[in-house]
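Novice: Just to be clear, the model below is a prediction. Sequence and coordinates:
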Amino acid sequence: MASTPGRMKQGSGLEAWVLWASGAFAIAILALNIPNLFVEERLGPDDLMRLQQVRDLLAGQDWFDVNQHRLLTPEQGDMHWSRLPDIFLAGFISLMTPIFGAHAAELLAVGIWPLVLFAAAIALMFVISERLGISRIGQICALAFFLGSAASTSYWPGRIDHHGLVVVLILGAFAALVARRNLARSGLALAACSCAALSVAIEALPYVSALLCLIGIHWVVRGSVEAKRMAALGMGLVFFSAMFYVLDAPGVASDRKVCDAYGVSHFAAIAVSGGLFIVIGAFGHRAKTWRVRLWVGVTAAALTLIAFVWLNPNCFSDPYANLPEAVRQSWLQTVREAQSLPQLIQHDFARAVWVYGYLAAGVIAAIWRIRKSRPQRRLPWLSLLMMLMVGSLMTAWQVRGQLFSHVFAVVAASGAVSALHANWKRQGGGKSLFALIIGFVLLSPLTWRFAGDAAFRTGSGHQLSEQFAIRCLDRERYREIARLPALRIHTPIDLGVPILAYTDHAVFAAPYHRNVEGIAQATQVLTGDIDKAHQRLRDMGATHLAFCVGFPETDRFASRWPQSLSAEMNRGNIPAWLVSIDGAIETEGVLNLYAIRPRPETLTE
C-alpha cells in the first residue's frame, strides 16, 4: 500500500513571486484587448447568444426558461443552455449599469469574465503542476505553452460562451483528484466541480466519467487511505447532482429525458455512483487486496452504466444520425469546431498538424515523465495521461475537444521540460543543455503551429471570405435595421444570432442543433428554386429577407446549388417579389434587407 508522499519543496519565495507575476502579466496582456470590444463590438455567434440570454434574464425571462422566443423555428427556439454561466454576467451588468450605462456595462462584462476564467485556469494549472512535482521553471513553461495552445482561445476578451468555464471546472476537479493529502474536502471539491461541469455542458461527460474512474483506480491502488475521500466524494455527488438538477435550467421538468444536456439519465447515474462511493468509503476497508478492490470498482462502474442506459439508451447512438442530409451538407459539415480528425486533415491539414501533433507530443511527454518518476509518484502522472488520452479521443471525434486536451498536453509538456531542466542542473554540460533546448522547442505548441503553417498552409482565398464575413456583421448596419418596427426576418443561418442580439426583430434560423427543422426550412429557401422560395417564405410568415453578398454561407449555397435564390442574388439578380427597404442594391459585404411582396411576380434582371 502506497503512502501519501510529503509536499515537494518548490524553491524560494522569489521563484513563487516570479511565477505569479508572470501569470498577472499574461492576464494584463489579454486585458489590453478589452478596448477593442468598445471599438468593434464584434463577438462570435455563441458569445452573442450568451449575451442575449443574459439580457432576456435581466428583462424578466424565467430563470428556468432558456429558450429563445424570437427564434421562430418549429421547435419554438428550443435551447439547452445552462443558466450557471449567466450568473457573473447578469450580476456584473446589473451592478455596473447605473454607473456606466447598459451598453458599456455589457461590454465590460464580456471583456472581464473571460479574464476571470483565465486567471482561474492558470491558477489551477499551477496547483496541478505543483501537486505533480513540476518545478517553478516548468510551471512558467506551462503558462507560456498554455498561451500558445488552442485551449487559450476560450479566454480572449469577448469569449463568454460556456467552454472556458467548463475547462476551469474540469481542471478544478483534476486538481482535487491529484491532491497530495486524501482529505474529505478534496472529495467534495471533485464532486462539486464535476456536477457543475455537467450542468453547464454535457461535453464535460467524458472527462467527468474519466475522473470518477480515476478516483476508483486510486482506491484500488491505495486502499483504505482513500476511504474518507471516497465517502465525501459520494456524499458530494448525491448532493450536488440533485442541487444542479433542481436549480439549474430547466429545473425539474418532464422534458429532461435528453442526451445533449444534463438530463434525468445523467442525474441518476451520478447519484447512483455517489451512493456506491459512500458504500465503498464506509466498507471498502474489508477489501484487503487490490484484486478484490478492482472487482468492486468494476461492479460499481457497471451498476452506474446500467442506471444510465436503463433511463435513456438513446444517448449511446450517434447524436447526428437523424439529421436530414440537406442540413448535414449545408450546415453541420461547415462547422469548423465539429470536424473530425479525417475531415480536418482533408480541409485544413495545417491546423491538424498543430492540434494533433501537439497532442502526440504531450502523450509522449507524459509517458516519458511516468517512466522517470519514482513509483510512489506515478499514479498522478498516470491520471494525467488518462485525461490526456480521453481528451485526444474526443478531439479526434470533434476538434473542439482541443479546448480540454491541449490543457492536459500543456501540463504534460511542462512536466517533461521540468525534468530536463533538473537533469541539466544536476549534470551540467552541453549534452543535457542541448536536450533541454530541443525538448522545449518540440514541446511548445507554437512549434507545431508554425510547422503546420509553413509546410501545409496554401493559398489565401479563405481570407477574402473572412473579410466579407466581418463586413456582413458591421454593427452600424444592424443599428439601422434595429430602428425599424418589429419584423420577422429570414436570414442565412449564421446571421440569425446577430439579428437577435443587435435588434428586437425575430428570425427563423440560428446555428443550434436543437432547431434542425428551423435550419432545414431556412436552408430550403436559400438553396431552392426562386419561385418556391417565395412561397416558402410566405408559408413561414416571414415579412423580410436579409442577404449579404460574399457572406461565406451563401457563397457555399450558390456554389453547390447554382440555380438557387442564393446564386441569383449573389449575381445581383433580385427577384421582383423582394423590395429593398432603402433602395440599396446588392454590394459585396453589405447586409441588405428586403420586404417580401405578398404575391409572386416575375424575376427581373
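Specialist: Noted; the coordinates are in hand.

Novice: Contacts for the helix or strand hosting residue 37 next, please.
Specialist: Assigning secondary structure by DSSP states H and E places residue 37 in helix 34-40. For helix 34-40, the external contacting residues (C-beta atoms under 8 Å, 6 or more residues apart in numbering) are 43, 104, 107-108, 110-112, 157-158, 475. C-beta here means a position set from N, CA and C on the backbone, and glycine is covered the same way.

Novice: go again using 10 Å as the cut-off
Specialist: Helix 34-40 is contacted from outside by 42-43, 103-104, 106-108, 110-112, 114-115, 156-158, 470, 473-475, using C-beta atoms under 10 Å, 6 or more residues apart in numbering.

Novice: Would it be right to say that residue 547 lies in a helix?
Specialist: No - looking at residue 547 with DSSP: H, G, I helix; E, B strand; the rest coil, it is strand, so not inside a helix.

Novice: Beta-bridge partners for it, please?
Specialist: Under DSSP bridges, the beta-bridge partners of residue 547 are residue 592.

Novice: thought it was touching residue 596?
Specialist: No - under the criterion of C-beta atoms under 10 Å, residue 547 makes no contact with residue 596, lying 11.8 Å away.

Novice: Quickly list what's touching both of those two.
Specialist: 490, 578.

Novice: If you count surrounding residues, which of those two has more?
Specialist: It is residue 547, of residue 547 and residue 596, that has more neighbours when counted by other C-beta atoms under 10 Å, with 24 against 20.

Novice: contacting residues around that one?
Specialist: 472, 490-492, 495, 526, 554, 565-566, 569-570, 574, 578, 586, 590-594.

Novice: Using neighbour counts, trim these to the buried set.
Specialist: Buried residues within the contacts of residue 547, counting neighbours by 16 or more other C-beta atoms under 10 Å: 472, 490-492, 495, 526, 554, 565-566, 569-570, 574, 578, 586, 590-594.

Novice: Out of those, list just those in strands.
Specialist: Within these, residues falling in strands by DSSP state E are 490, 578, 591-594.

Novice: what two of those residues are the furthest from one another?
Specialist: Spatially, the most separated pair among those is 578 and 591, at 14.2 Å (C-beta to C-beta).

Novice: Just the CA trace of the helix holding residue 37, in CSV.
Specialist: C-alpha atoms of helix 34-40 as CSV (Å, rounded to 0.1, in the frame of the first residue of the first chain):
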residue,chain,number,x,y,z
ILE,A,34,-10.9,44.9,-23.9
PRO,A,35,-10.9,48.4,-25.5
ASN,A,36,-11.2,46.7,-28.9
LEU,A,37,-14.7,45.5,-27.9
PHE,A,38,-15.8,49.1,-27.5
VAL,A,39,-14.4,49.9,-31.0
GLU,A,40,-15.5,46.9,-33.0
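
Novice: buried set for it?
Specialist: Using 16+ other C-beta under 10 Å as the test for burial, helix 34-40 gives 34, 37.

Novice: what's the next secondary structure element after it?
Specialist: Sequence-wise, the next helix or strand downstream of helix 34-40 (DSSP H and E) is helix 45-58.

Novice: packing partners for that following helix?
Specialist: Under the contact definition 3 or more C-beta pairs under 10 Å, 6 or more residues apart in numbering; DSSP states H and E, helix 45-58 sits against helix 86-100, helix 102-131, helix 496-502.

Novice: now for the ones you listed, which one comes closest to residue 420?
Specialist: For the helices and strands packed on helix 45-58, the distance to residue 420 is smallest for helix 102-131, at 15.0 Å, taking C-beta to C-beta.

Novice: buried stuff in the helix or strand following that closest one?
Specialist: Under the assignment DSSP H and E, the closest C-terminal helix or strand after helix 102-131 is helix 136-148. By neighbour count with 16+ other C-beta under 10 Å, helix 136-148 contains the buried residues 136-148.

Novice: Pick out whichever of the residues you listed sits closest to residue 314.
Specialist: Closest approach to residue 314 among the buried residues of helix 136-148 (C-beta to C-beta): residue 146, at 37.1 Å.

Novice: The closest one against residue 153, yeah?
Specialist: No - counting by C-beta under 10 Å, residue 146 does not reach residue 153; the two are 11.1 Å apart.

Novice: now the helices for the stretch 351-500 of the chain?
Specialist: With helices called from DSSP state H, counting those that start in this stretch, the stretch 351-500 of the chain shows them at 378-397, 402-427, 430-442, 445-456, 461-471, 475-482, 496-502.

Novice: Does anything pack onto the second one? Which helices or strands?
Specialist: Contacts defined by 3+ C-beta pairs under 10 Å, 6+ apart place helix 402-427 against helix 102-131, helix 136-148, helix 163-177, helix 205-222, helix 349-372, helix 378-397, helix 430-442, helix 445-456.

Novice: For it, buried residues please.
Specialist: 402-424.

Novice: repeat for the third one
Specialist: Neighbour-count burial for helix 430-442, counted by 16+ other C-beta under 10 Å, picks out 432, 435-436, 439-440, 442.

Novice: Any chance of the backbone angles for residue 507?
Specialist: When read as degrees, to the nearest 10, the backbone of residue 507 gives phi -130, psi 170.

Novice: gap between the closest residue to it other than its chain neighbours and residue 526?
Specialist: Nearest residue to residue 507, sequence neighbours excluded (C-beta to C-beta, 6 or more residues apart in numbering): residue 496, at 4.2 Å. Using C-beta to C-beta, to the nearest Å, we find residue 496 at a distance of 12 Å from residue 526.

Novice: Now do the shared contacts for the two.
Specialist: 490, 509.

Novice: Let me see the contact set for residue 278.
Specialist: With the criterion set at C-beta under 10 Å, 6+ apart, residue 278 makes contact with 230-238.

Novice: Let's have the residues you listed in TSV, adding secondary structure, distance to residue 398 and pLDDT.
Specialist: Shown next, in TSV, are these (DSSP: H, G, I helix; E, B strand; the rest coil; distance: C-beta to C-beta, whole Å; pLDDT from 0 to 100):
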residue	secondary structure	distance to residue 398	pLDDT
230	helix	33	95
231	helix	36	96
232	helix	34	97
233	helix	29	97
234	helix	32	97
235	helix	34	98
236	helix	30	98
237	helix	27	98
238	helix	31	97
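
Novice: if we can go back for a sec, can you tell me how far the residue nearest to residue 507 sits from residue 435?
Specialist: Computed as C-beta to C-beta, the residue 496 to residue 435 distance reads 53 Å.

Novice: ok, now residue 52?
Specialist: Distance from residue 52 to residue 435, by C-beta to C-beta: 52 Å.

Novice: now do residue 281
Specialist: When residue 281 is compared with residue 435 (using C-beta to C-beta), they lie 45 Å apart.

Novice: What is the burial count for residue 202?
Specialist: 22.

Novice: I should have written residue 378 there, sorry.
Specialist: Residues near residue 378, counting by other C-beta under 10 Å: 17.

Novice: Wait, a strand at residue 582?
Specialist: No - applying three-state DSSP, one finds residue 582 to be coil, outside a strand.

Novice: Touching, it and residue 593? I think so.
Specialist: Yes - with contact defined as C-beta under 10 Å, residue 582 counts as touching residue 593 (7.7 Å).
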